[in-house]
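Colleague: Have a look; sequence and predicted model below, questions after that.
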Amino acid sequence: MNQVRVRFAPSPTGYLHIGGARTALYNWLFARKHNGTFILRIEDTDAERSTEESIKEILDGLTWLGLAWDEGPYFQSKRIKDHQAAAEKLIETGHAYKCFCTKEQLDAKRLKAQQAKIDYKYDGTCRALSPDVVAQREQQGLPSVVRFKIPQQSGCVAFDDKVYGHIEKQFDDIEDFVILRSDGKPLYLLSSAIDDVTDRITHVIRGQDGLGNTPKQILIYNALGYTPPIFAHMSLTLDTRKAKISKRKHGEVVTVAYYKERGFIPWALCNFLALLGWSTPDDREFFSREELIDAFSLEGIARHNSIFNYNPDDPNNWTDPKAINMNARYISMLRLDEIIPYVREELQAVGLWDSAYDNEKKLWFDTIIELIRTRVHTIKDFATKGRPYFSDDFLFEEKAVKKNLQKDANLKNYLPQLAEKLDSLDTFDLKTTENTIREICEELTIKPGLLINAVRTAVTGQSAGPGLFEILVALGKQKTIHRIHKALDLV
RNA sequence: GGUCCCAUCGUCUAGUGGCCUAGGACGUCGGCCUCUCACGCCGAAAACACGGGUUCGAGUCCCGUUGGGACCA
């Protein structure tokens, strides 16, 4: 049994988008599942559009997602000579030929065919040129492309796609396609096939947009005497209008980098992406890395395209709601030590980190994270919603102030009384704080909710959050008292 | 225009001829819990694109139509 070798081969012409990440993920999963090799190949033959910056973004994105490659990155631009040599060999063995037809000639033929309502296909004018004529024209300096020779007989190329099943393409429906341009540059079709041979790729797992190219590539493999790899074409990810996703149209929301910025846990994104067009017969939706590797199979890939459900007009959902939900669930489900590194990084970035959180204040810090983790959607929220827990410098939400502090003018009297009572407490724990507040409410004959909500807003600036007594204990007596007094200005 | 691919709730999907009165998840709405919010739990609305076959029986097989997508031009 041959070692499984798969590759992710992006063009470095922009950013790493979620569709690309999904392709990389499926390849990575397949490699891991079969103890194979995951190869990264940068298809940078389009020198004008390829950028260093883009290469970096691809590498960074994959690294962040945790999709480590075993080999590479290889650069296609460094192998152009191999592609040209392959074209040369195809000519020598009679599988390809030089074509001197000019663009004008071809355009004229196409136009004529159109007018006559006949399907246009290259007519093979140069197919039977004798070697003498070819040599003669080359001496004249006439430019030529190299075309692949499609068998002129009835028959077809067939292959079994792991996702789409048996696929056949009639020779008659394929024209003698170009494999080398007149300036000597190989076409993608040729380059990627040759590179896959060079990299000894066993399974080509790529987007469904490659399906149409596959028969041609198989013809190339066969002509060169190579065994074609196994193909698995995956459905595409489209937007809600069923168009291909692109940064130009959708903005950063389709880039992997953006999810890092916005506080995603990398594996949560992977899990979400895995489920966009792949599923298991059971109802599982959450997979650990190992579970997903174990469950993954090419056969589970959907044949229909799936839609990335992002609606730019919905202010509540800055990306697909399912992705947000999944991230939130991961934040509340994971072991604390699995999410704390991300939280630390975020707090450090905004200057809220205290090195004591790793040492003497670790227990306290863990409590806080535990307290708010079920209420956040992204890692970013720990620094925004969570700010009052890590800093005295926090904002009061206008709505919260109105609703909880300015609801009853008597709070102006109640709150100082409460502060005084709390201050006299010897032990400041869940029980004593709760008793104190409930007692004072009884004495004043007011609903506990009034005071509880008021205090929550006083000490956090927010109207929503963890249970009040947990908050108070976490904050400690001094901060609690201080913040209650300070908030009186707003009452 | 040619070739190919696809079609189940708004979205992701289960479903491979009878377990389908079509299941799950997200989202939406309602309820419980409750000091708020979230979590959790309970519940509701919500889909087999259409038309023909085949079959005792079709979401499931075949053909056509429509719609969408990809590739080539």
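Modeller: Alright, I've got the coordinates. Please read these numbers as outputs of a predicted model, since none were measured by experiment.
Colleague: so who does the residue of the stretch 301-450 of chain A found nearest RNA strand B touch?
Modeller: Nearest residue of the stretch 301-450 of chain A to RNA strand B: A:His304, at 2.9 Å (CB to the nearest atom of the strand). All C-beta atoms are positioned from the backbone trio N, CA, C, and that covers glycine. Contacts for A:His304 (CB atoms under 8 Å, 6 or more residues apart in numbering) come out as A:Ser235.
Colleague: can you check A:Tyr26 too?
Modeller: A:Tyr26 makes contacts with A:Ile205, A:Met234, A:Ala274, A:Trp278, A:Phe296, A:Ile301, as judged by CB under 8 Å, 6+ apart.
Colleague: Who wins on neighbours among those?
Modeller: The residue in the contacts of A:Tyr26 with the most neighbours, by other CB atoms under 10 Å, is A:Met234 (29 neighbours).
Colleague: my guess is that one meets A:Leu273, correct?
Modeller: No: using CB atoms under 8 Å, A:Met234 is not in contact with A:Leu273; the gap is 11.4 Å.
Colleague: before we move on, back to that, ok, and which of the contacts of A:Tyr26 reach RNA strand B?
Modeller: Counting by CB under 7 Å from any atom of the strand, A:Trp278 from the contacts of A:Tyr26 sit close to RNA strand B.
Colleague: Next, count neighbours for the closest residue to A:Gly155 other than its chain neighbours.
Modeller: In space, and not counting its chain neighbours, A:Gly155 is closest to A:Phe171: 5.3 Å by CB to CB, 6 or more residues apart in numbering. A:Phe171 has 15 neighbouring residues, counting by other CB under 10 Å.
Colleague: Same check on A:Ala223?
Modeller: 17.
Colleague: excluding its backbone neighbours, what's nearest it?
Modeller: Excluding its sequence neighbours, the residue lying closest to A:Ala223 (CB to CB, 6+ apart) is A:His95, at 3.8 Å.
Colleague: do A:Ser306 as well
Modeller: If the residues on either side of it in the chain are set aside, A:Ser306 comes closest to A:Gly277, at 4.4 Å by CB to CB, 6+ apart.
Colleague: mind listing the strands for chain A?
Modeller: A:5-8, A:37-42, A:71-75, A:96-99, A:145-148, A:156-161, A:165-170, A:178-180, A:203-207, A:230-234, A:237-238, A:306-307 (DSSP state E).
Colleague: With mean pLDDT as added columns, please give those strands in CSV.
Modeller: Output for the strands of chain A, formatted as CSV (pLDDT from 0 to 100):
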stretch, mean pLDDT
strand A:5-8, 96
strand A:37-42, 95
strand A:71-75, 91
strand A:96-99, 90
strand A:145-148, 92
strand A:156-161, 90
strand A:165-170, 89
strand A:178-180, 92
strand A:203-207, 95
strand A:230-234, 95
strand A:237-238, 92
strand A:306-307, 94
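Colleague: So which of the ones you listed is the most surrounded?
Modeller: strand A:5-8 (a mean of 26; mean count of other CB atoms under 10 Å).
Colleague: show me what contacts the residue nearest the centre of chain A?
Modeller: The structure's chain A has its C-alpha centroid closest to A:Ile18; by CA atoms, centre = their mean the separation is 3.3 Å. Contact partners of A:Ile18, counting by CB under 8 Å, 6+ apart, are A:Thr237, A:Ile245, A:Val254, A:Thr255, A:Val256, A:Leu269, A:Leu273, A:Phe308.
Colleague: Lowest-confidence entry in those residues?
Modeller: Lowest pLDDT among those: A:Ile245, with 84.
Colleague: Would you agree that one is in contact with A:Ser306?
Modeller: No: with contact defined as CB under 8 Å, A:Ile245 does not count as touching A:Ser306 (11.1 Å).
Colleague: contacting residues for the nearest residue to A:Ile230 once chain neighbours are set aside?
Modeller: Leaving out its chain neighbours, the residue that sits closest to A:Ile230 by CB to CB, 6+ apart is A:His203, at 4.8 Å. By CB under 8 Å, 6+ apart, the contact list for A:His203 reads A:Val4, A:Arg5, A:Val6, A:Phe30, A:Lys162, A:Pro229, A:Ile230, A:Phe231, A:Ala232, A:Leu298.
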